[in-house]
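**Q** The following block contains a protein sequence and its predicted model.
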Amino acid sequence: MRLKQLLFDPAAPCRDAGILLLRIGLGIMFVGHGYPKLAGGPDTWQLYGETMRNVGIHAAPLFWGFLAGLAEFGGGILFGLGLLFRPACLLLALTMLFATINHRAMGDGFIPVSHPVEVGLVFVAFLFIGPGRRSLDYRLSRKNSTF
């Protein structure tokens, strides 16, 4: 492949490799964000679940905190593998929406607020882009395909 094709051809053959790199990188990062939330147990779940008060939900903070950790940990795994990709993107985007709301409610400045907004936008964009050809979703949807 020539450099010109790589830089300027919108249909360059490296598109799926780029999507794979983003999926694996972000997936690993979200597994890393979610694991401590899950491993922290009920005290940690309570802490994260209480942030739902910012949207008027006061019931079951343990459930919501556990769900946040599960969305990041499990969603990160699914996102990285490209398995159940669009549902994983939706869960991760919603988690980032609630993280944004929480940062705003705490009065955080631009930098802490911008991170979940940026990552949330990436997950919403991936809802439209899809997981690419180097994904389990693609592989499972096509019998006898080469990975």
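**A** All right, it came through fine.

**Q** now what about the longest helix seen in the chain, what contacts it?
**A** Secondary structure of the chain read by DSSP state H shows that its longest helix is helix 15-39. If you take CB atoms under 8 Å, 6 or more residues apart in numbering as the criterion, helix 15-39 is touched by 44-45, 48, 65-66, 68-82, 92, 119, 122, 129, 131-135. All C-beta spots, glycine's among them, are computed from the backbone N, C-alpha and C.

**Q** Now, of the residues you listed, which are buried?
**A** The neighbour-count test (16 or more other CB atoms under 10 Å) marks 44-45, 48, 65-66, 68-82, 92, 119, 131-135 as buried among the contacts of helix 15-39.

**Q** Relative to Ser141, how far out is the most centrally placed residue in the chain?
**A** Computing the C-alpha centroid of the chain and ranking residues by CA atoms, centre = their mean puts Leu92 first, at 3.9 Å. Distance from Leu92 to Ser141, counting by CB to CB, to the nearest Å: 21 Å.

**Q** one step back: so of the contacts of helix 15-39, which ones are in helices?
**A** Cross-referencing the contacts of helix 15-39 against helices under DSSP H gives 44-45, 48, 65-66, 68-81, 92, 119, 122, 129.

**Q** who touches the residue nearest to the centre of the chain in this structure?
**A** By CB under 8 Å, 6+ apart, Leu92 lies in contact with 30, 71-72, 75-76, 79, 119-120, 123.

**Q** from those, which two are the most distant?
**A** Using CB to CB, the two most remote members of the contacts of Leu92 are Gly76 and Gly120, lying 14.2 Å apart.

**Q** what's the span of stretch 121-136, first residue to last?
**A** Terminal residues of stretch 121-136 are spaced 23 Å apart (CA to CA, to the nearest Å).

**Q** Could you look up the SS state of Ala59?
**A** coil (DSSP: H, G, I helix; E, B strand; the rest coil).

**Q** What is the neighbour count of it?
**A** Look at Ala59: counted by other CB atoms under 10 Å, it has 8 neighbours.

**Q** measure it to Gly41 for me?
**A** For Ala59 relative to Gly41 (CB to CB), the value is 20 Å.
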